[in-house]
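*Asks:* Please work out how this folds:
(4 chains)
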There are 2 protein chains.
Amino acid sequence: MTKTMVKRRGRDPDATRDKLLKAAFEEIYRRGFQAASLDTILAKAGVTKGALYHHFPDKASLGYAVVDEVVKGFLLERWGVSEPSTGDPVTALQRILRGRAASLTPHEVELGCPLNNLAQEMSPLDQRFRRGVNATFDIWRNAVARDLQRGQAEGTVRKSVDPRKIAAFVVASIEGSFGLAKGAQSAAMLRSNLEVLGSFLESLRPASKALPARERKPSRRKQ
Amino acid sequence: MTKTMVKRRGRDPDATRDKLLKAAFEEIYRRGFQAASLDTILAKAGVTKGALYHHFPDKASLGYAVVDEVVKGFLLERWGVSEPSTGDPVTALQRILRGRAASLTPHEVELGCPLNNLAQEMSPLDQRFRRGVNATFDIWRNAVARDLQRGQAEGTVRKSVDPRKIAAFVVASIEGSFGLAKGAQSAAMLRSNLEVLGSFLESLRPASKALPARERKPSRRKQ
DNA sequence: CTTGCCATACAGACCGGTTGGTATGTATAG
DNA sequence: CTATACATACCAACCGGTCTGTATGGCAAG
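*Replies:* Below you'll find the predicted structure:
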């Protein structure tokens, strides 16, 4: 109890590290990695260069840590990759899309997806950045692909489609939608795109016998 | 004949400007706008600061000019927006997608779409950048929407869809595909995504009577 | 045709500010 | 006492931008 409790005064290296990561994330999210100023990050975190270079060997390593320890979890949680999904994956994905569309903030419409921002800026410039960012995207893609595959086994997804290809397309469409909406500064465009993507997902269902399947009532059970 | 001919030696302000624009485009494409060094651009263009600041008031204006005079034409030409399309727009779009998929270079897989790069980096930081970039995207989106609308009038596109929403989604999917493929450094992923998008476009056709419409033979005429 | 002029079109030195990074000093916890 | 966890002063490199100097080429005057 004396270990990690009530130690706010004096030394607390973990808290210092966290403050650095959080401040770095915000600054990088706003200006991009290369344009992010260490002095600004330091000021925002309320620490000095000594603290920074005690915890990280250089600016790049701080960036890697932001990807691995902040952005990654942020994204996977926001897109429902963390918790396992059950039931029909098309409906599950559509629900996530609708949820995201409903909970959009002006802030994230303006700044876009932090992981995609880093991917676009740093991929050609830094292999380690690229690997780290792409690893997270891979987790997302694999999760979607696995769900679709399960859907195929359970008969809720057409077997003629390639789950991995669809998954890659879904993720790309989402990120592209965020990116273009950011350029257009239009939450409406983003919502519309997510909606179209949802209707595309509808086409992944197996063709029911002579029934247009335009509307579908999800049973109101929590699963 | 004495005006613009054989004047390669001595003064040629237009040529100087073009060299600056081209060098700036390449440097910005590689490093991003903010990280693009004027000295590098000048070295690549083979001119000096005096020339640069004679033709452009500052770095930002050089960037705007790159968008308007280099990237814009580059993109619109590459995606068939310049020449008007005739006939069924779904098939036309699919052909463009296949053409792009077939002509991908490792260079553009590595660096992505120059316009989208600028959009992602600069949109939140510089209103004029954002407007310029978004204006070009708007031209593209409008062209696609107009084609789809014409398709609706001609009976080759379902009337239940919103052309503008589909157009925005198509452009977003393409840009997202380039972005994610750039992060994954995978031309295969990019091609696969464009292929999936092509199959999505297929679903825009009006439902023919009791015929799965999986395959379709485009008549080999140049249309 | 020639001469002189002057706006144009650069060249290149220079500048203050900011950058990431380092070196050294010091207080704290164990 | 010692390793950890910072704080602070400092640095060379580079940044975008400015300033001054100069050569060119068209044009008007003679």
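
*Asks:* ok and the residue in chain A nearest chain B?
*Replies:* Per C-beta to the nearest C-beta, A:G176 is where chain A lies closest to chain B, at 2.1 Å. For every residue, glycine as well, the C-beta is placed using N, CA and C.

*Asks:* That residue sits in which helix or strand?
*Replies:* Here A:G176, judged by DSSP states H and E, is contained in helix A:163-184.

*Asks:* give the contact list for the residue of chain A closest to chain B.
*Replies:* Counting by C-beta atoms under 8 Å, 6 or more residues apart in numbering or on different chains, A:G176 touches A:193, B:171-177, B:179.

*Asks:* Is stretch A:61-73 in proximity to DNA strand C?
*Replies:* No. Interface with DNA strand C: stretch A:61-73 contributes nothing (C-beta under 7 Å from any atom of the strand), its closest point being 7.8 Å away.

*Asks:* rewinding a little: could you find the closest non-adjacent residue to the residue of chain A closest to chain B?
*Replies:* In this structure, A:G176 finds its nearest non-sequential neighbour in B:G176, 2.1 Å apart by C-beta to C-beta, 6 or more residues apart in numbering or on different chains.

*Asks:* so what's that neighbour scoring on pLDDT?
*Replies:* Reported pLDDT at B:G176 in the predicted model: 98.

*Asks:* where does chain A have low pLDDT?
*Replies:* Low-confidence segments of chain A, defined by pLDDT under 70: A:1-10, A:209-223.

*Asks:* biggest helix in it, by residue count?
*Replies:* Determined from DSSP state H, the single longest helix within chain A is helix A:127-154.

*Asks:* just checking, what packs against that one?
*Replies:* With contacts defined as 3 or more C-beta pairs under 8 Å, 6 or more residues apart in numbering or on different chains; DSSP states H and E, helix A:127-154 has these neighbours: helix A:59-66, helix A:72-78, helix A:89-102, helix A:114-122, helix A:163-184, helix B:163-184.

*Asks:* Was I right to think A:E26 contacts A:A43?
*Replies:* No. Checked against C-beta atoms under 8 Å, the pair A:E26 and A:A43 is beyond contact range at 11.7 Å.

*Asks:* Now render the helices and strands packed on helix A:127-154 as TSV, adding distance to DNA strand D.
*Replies:* Output for the helices and strands packed on helix A:127-154, formatted as TSV (distance: least, C-beta to the nearest atom of the strand, whole Å):
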stretch	distance to DNA strand D
helix A:59-66	13
helix A:72-78	22
helix A:89-102	36
helix A:114-122	16
helix A:163-184	22
helix B:163-184	23
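
*Asks:* between those, which one is nearest to A:V157?
*Replies:* Closest approach to A:V157 among the helices and strands packed on helix A:127-154 (C-beta to C-beta): helix A:89-102, 6.5 Å.

*Asks:* which strands and helices sit next to that closest one?
*Replies:* If contacts are counted by 3+ C-beta pairs under 8 Å, 6+ apart, helix A:89-102 sits against helix A:127-154, helix A:187-202.

*Asks:* Would you tell me whether the shortest one gets close to chain B?
*Replies:* Yes. When contact is scored as C-beta under 8 Å from any C-beta of the partner chain, part of helix A:187-202 falls within range of chain B: A:189, A:192-193, A:195-197, A:200.

*Asks:* Counting neighbours, which of the residues you listed comes out on top?
*Replies:* Tallying neighbours with other C-beta atoms under 10 Å in any protein chain shown puts A:N193 at the head of these, with 29 neighbours.

*Asks:* Tell me who's in contact with the closest residue in space to that one that isn't next to it in sequence.
*Replies:* Spatial nearest neighbour of A:N193, excluding adjacent residues (C-beta to C-beta, 6+ apart): A:S177 at 3.7 Å. Applying C-beta under 8 Å, 6+ apart to A:S177 gives the contacts A:189-190, A:193-194, A:197, B:169, B:172-173, B:176.

*Asks:* For A:K22, give me its contacts.
*Replies:* If a contact means C-beta under 8 Å, 6+ apart, then A:K22 has A:45, A:70 as its contacts.

*Asks:* Buried residues of the helix or strand hosting it, list them for me.
*Replies:* Using DSSP H and E, A:K22 sits within helix A:13-31. Neighbour-count burial for helix A:13-31, counted by 16 or more other C-beta atoms under 10 Å in any protein chain shown, picks out A:16-17, A:19-21, A:23-31.

*Asks:* That'll do, ta.
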